[in-house]
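Engineer: here is my input, please return the structure:
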Amino acid sequence: MDSMKNKLLMLILLIVCQSAVFAQNANWNCFETENFIVHYPGGYDLEATEALYYLEYHRDEVIELTGHDPGKIHVSIMDEGMYSNGWNSPGFVDTS
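Structural biologist: Numbering: from 1, shown residues only. This is a model prediction of the structure:
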């Protein structure tokens, strides 16, 4: 009986944690042009607009350089500081 309670508690905890992660990622928006779809988190409208401007501006040059037209491209703009990735570099630590 005690084992069943522990399993149920773990299941409930897992569901609550996952729903918190999904809720954090729920506030995404899109800008779409003929050639690009830019996905970005709420509050990054200016950055998404600027990225879309430069993507459209340089698109023809890239197609001419590569000789390939990929069609409509999805681009995601993320603030990497929003998520922990576990990366650490002790080489940049000032120990003096």
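
Engineer: need the helices for this protein, in chain order.
Structural biologist: With DSSP state H, the ranges of helices along the chain come out as 2-24, 45-66.

Engineer: the spatially closest residue to residue 55 that is not a sequence neighbour and residue 3, how far apart?
Structural biologist: Residue nearest to residue 55 in three dimensions, not counting chain neighbours: residue 36, with 5.2 Å by Cβ to Cβ, 6 or more residues apart in numbering. Yep, even glycine has a C-beta here, placed from its N, CA and C like the rest. Using Cβ to Cβ, to the nearest Å, residue 36 is found at 53 Å from residue 3.

Engineer: ok, the two, which is more surrounded?
Structural biologist: Applying other Cβ atoms under 10 Å to residue 36 and residue 3 shows that residue 36 carries more neighbours, namely 16 against 7.

Engineer: residue ranges with poor pLDDT in the chain?
Structural biologist: 1, 9, 11, 13-26, 81-96 (pLDDT under 70).

Engineer: let's see that with 80 instead.
Structural biologist: 1-26, 79-96 (pLDDT under 80).

Engineer: gap between the residue nearest to residue 55 and residue 44?
Structural biologist: Residue 36 is 15 Å from residue 44, by Cβ to Cβ.
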